[in-house]
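>>> build me a model from this:
(2 chains, ligands or ions: 1)
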Amino acid sequence: MDDLYREIILDHYRNPRNKGELENPTHTFQDDNPLCGDRIRIDLKVNGDGAIDQVRFNGEGCAISQASASMLTEMISGKTLEEAKALSKQDILDALGIQLGPVRIKCALLPLKVLKGAIYGLPATFDEEG
Amino acid sequence: MLDSCIIRQDFPILHQSINGKPLVYLDSAASSQKPLAVIQAMDEYYRSYHANVHRGIYQLSERATEAYEQARCKVAQFINADSWREIVFTRNATEAINLVAYAWGRRNITAKDKILVTEMEHHANLVPWQQVAAETGAQLAYIPIDERFCCDMGAYDALLDERVKLVAITQMSNVLGTILPVREFVTRAHAAGALVLLDGAQGVPHLPTDVQSLDVDFLAASGHKMLGPTGSGFLYGKRHLLEQMPPFLTGGEMIRRVTWEGAEWNELPHKFEAGTPSIAEAIGLGAAVDYLSGLGMENVRQHEVELTRYALERLSQVEGICIYGPQQVDMRGGAIAFNLNGLHAHDVAAILDREGIAIRAGHHCAMPLHQKMGVMATARASFYVYNELTEIDRLVEALDTARRLFGG
Ligand SMILES: Cc1ncc(COP(=O)(O)O)c(C=O)c1O
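From the prediction side, this is the model:
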């Protein structure tokens, strides 16, 4: 019924992929969105070839933020760090396939922000509203 | 109850559809809608007598000044202030509280002193005092809430020693709906030698409020939550306190005389109104106060008691709901915070929006309170004079829809 809650989003929300934490991650980062109270942590295990062997996310929050995190983990599994770095906010929005207002777009993009933080080791800065 | 059919005719915004469904506006605690009387009062000012106030010696300016000052008298009467000189117009409650924090707090509070606030304060009545405490070295202490979502008055007594200079409390919680026993707070604070600032942002729009019988020292309120325009609000302060306070902002309007060497302050309340004020907004607020007085604040309160009673009864039957706030309607107002088991408040609000229902979701500018309750966010429905029982039925139906969508 609701575009915003397309079946694919509900599916990822109800059955999140790669949820949990890694024992010895090579990269890890956590951030939250205080306005809504969404919280996401991402752990990566990157092998010697620079490929993402394992990825886990953990967190709580609205369906959009959690589904976005779950989908992101599928998008980067097996990819190289360079490929993961190249992911843009448009890639995320395309995957979600929904129109989001200025408040909810922050929820959708929090996982990407956390991923970039894990890769670069610091909070990513990009314009979430644009 | 009030005749909401008639009242709704005064609110043009309510007659529209959202996503194909008639709008149900349940977010008046964030900002209320405006009756035609308010919109027209502002419109008329701009169309027929707009000019700056207190300056011109021509007719338009005299009319504008008269309307602006009349609005002040209406506000003074509405809260039963002793004099119109005790009403300072501000942009909102936040600015009114900051005025006190700057002009009174930073002058009178020292490192030896204590400030008390409750755990249910809105950030507007919390952050300014954190700042005063940080700058002066004073201690900020929190009056805890108990398991009934009310203030623990025993704990208040224990915190209230001779070091306390100010007790800053809300009249009604914007999250829990809890109505505080203000008179009780004031009696004990005064006995301990402390002043009381009342944050009336939620109380003044919904409860009969008499500053003299409550005996509060300061009262802050926002016009936009009481049927008035955004950009209108006021501070009430006891005259002798306002007299002693230095200005908050300085510049034009607030001076009596300026020389190369300095300036002499204008008399109350103009001393606190630097620069050209929000004239249309003050006039709009005056019209809002007239509208509320026309309904009668006792009737407004009774209307909301009935809505709240019905809402609590219906909502408590929703599967998996958790309601945060007192059960008894006489201890609370019509702001009801809740969560549905397993659903984030944002998702609940987004699904309700699809059904044409506007509620708020988030921490409602009370993050420490949510932390205490152990939740990141809550959904909140809040009522006002234009809401009807059937809208609560729509809310309950939509919550069931949300539950089914995510439960499956
Ligand atoms: C209890 C309380 N205090 C203060 C405020 C601040 O009001 P304003 O944003 O109009 O200054 C609000 C508004 O949400 C409130 O609910």
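
>>> pLDDT of stretch B:302-311, averaged?
Averaged across stretch B:302-311, pLDDT comes to 98.

>>> I misspoke; the intended subject was stretch A:90-101.
Across stretch A:90-101, the per-residue pLDDT values average to 91.

>>> low-confidence stretches in the chain?
Because you didn't say which chain, this covers chain A. The model of chain A has pLDDT under 70 over residues A:1-2, A:122-130.

>>> meant chain B, my bad for not saying
For chain B (pLDDT under 70), the answer is B:408.

>>> residues of it that sit close to the ligand?
B:92-94, B:122, B:124-125, B:170, B:174, B:199, B:201-202, B:222, B:365 (C-beta under 6 Å from any ligand atom). The C-beta positions use only the backbone N, C-alpha and C, and glycine is treated the same way.

>>> verify the stated contact: A:A51 with A:E82.
No - using C-beta atoms under 8 Å, A:A51 makes no contact with A:E82, being 9.7 Å away.

>>> spell out which residues of chain A are next to chain B.
Applying C-beta under 8 Å from any C-beta of the partner chain, we find that chain A lies next to chain B at A:1-2, A:4-5, A:10, A:13-14, A:34-39, A:60-64, A:104, A:107.

>>> quick one: which of those residues sit in strands?
A:38-39, A:60 (DSSP state E).

>>> hang on, the earlier thing: neighbour count: A:A51 and A:E82, which is higher?
The neighbour comparison of A:A51 against A:E82 (other C-beta atoms under 10 Å in any protein chain shown) goes to A:A51, with 17 against 10.

>>> how close does the more buried one get to B:S278?
60 Å (C-beta to C-beta, to the nearest Å).

>>> do B:I18 as well
With C-beta to C-beta as the criterion, B:I18 and B:S278 are 30 Å apart.

>>> and stretch B:328-341, how far from the chain's centre?
17 Å (C-alpha atoms, centre = their mean, to the nearest Å).

>>> and stretch B:358-370, how far out from the chain's middle?
On C-alpha atoms, centre = their mean, the centre of stretch B:358-370 falls 15 Å from that of its chain.

>>> apologies, that question was intended for stretch B:312-332.
22 Å.

>>> that one near chain A at all?
No - Stretch B:312-332 lies out of reach of chain A by C-beta under 8 Å from any C-beta, never closer than 14.5 Å.

>>> straight-line length of that stretch, end to end?
11 Å (C-alpha to C-alpha, to the nearest Å).

>>> where does the closest residue to the ligand within chain A fall, phi/psi-wise?
Residue nearest to the ligand within chain A: A:L35 (14.6 Å; C-beta to the nearest ligand atom). Main-chain dihedrals, A:L35, degrees, to the nearest 10: phi -60, psi -40.

>>> now do the host helix or strand of B:H303: everything it contacts.
Per DSSP states H and E: B:H303 is located in helix B:297-315. With C-beta atoms under 8 Å, 6 or more residues apart in numbering or on different chains as the test, helix B:297-315 has contacts from B:1-2, B:4, B:177, B:206-209, B:292, B:321, B:323, B:327, B:329-330, B:332-334, B:336, B:338, B:381, B:383-385, B:387-389, B:392-393, B:395-396, B:399.

>>> next SSE downstream of that helix?
strand B:321-324.

>>> following that next one, which helix or strand shows up next?
strand B:335-340.

>>> just the C-alphas of stretch B:292-301, formatted as PDB.
Extracted as PDB, the C-alpha positions of stretch B:292-301 are listed here (Å, rounded to 0.1, in the frame of the first residue of the first chain):
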ATOM      1  CA  LEU B 292      -9.600  31.700  23.800                       C
ATOM      2  CA  SER B 293     -11.200  34.000  26.300                       C
ATOM      3  CA  GLY B 294     -14.400  33.800  24.200                       C
ATOM      4  CA  LEU B 295     -14.400  30.000  24.500                       C
ATOM      5  CA  GLY B 296     -13.500  30.300  28.200                       C
ATOM      6  CA  MET B 297     -10.300  28.600  29.400                       C
ATOM      7  CA  GLU B 298     -12.300  26.400  31.800                       C
ATOM      8  CA  ASN B 299     -14.300  25.100  28.800                       C
ATOM      9  CA  VAL B 300     -11.100  24.600  26.800                       C
ATOM     10  CA  ARG B 301      -9.600  22.500  29.700                       C
END
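
>>> and it, which residues are buried?
B:292, B:297, B:300 (16 or more other C-beta atoms under 10 Å in any protein chain shown).

>>> just stretch B:27-35 next, same as before
Under 16+ other C-beta under 10 Å, the buried positions of stretch B:27-35 are B:27-30, B:32-35.
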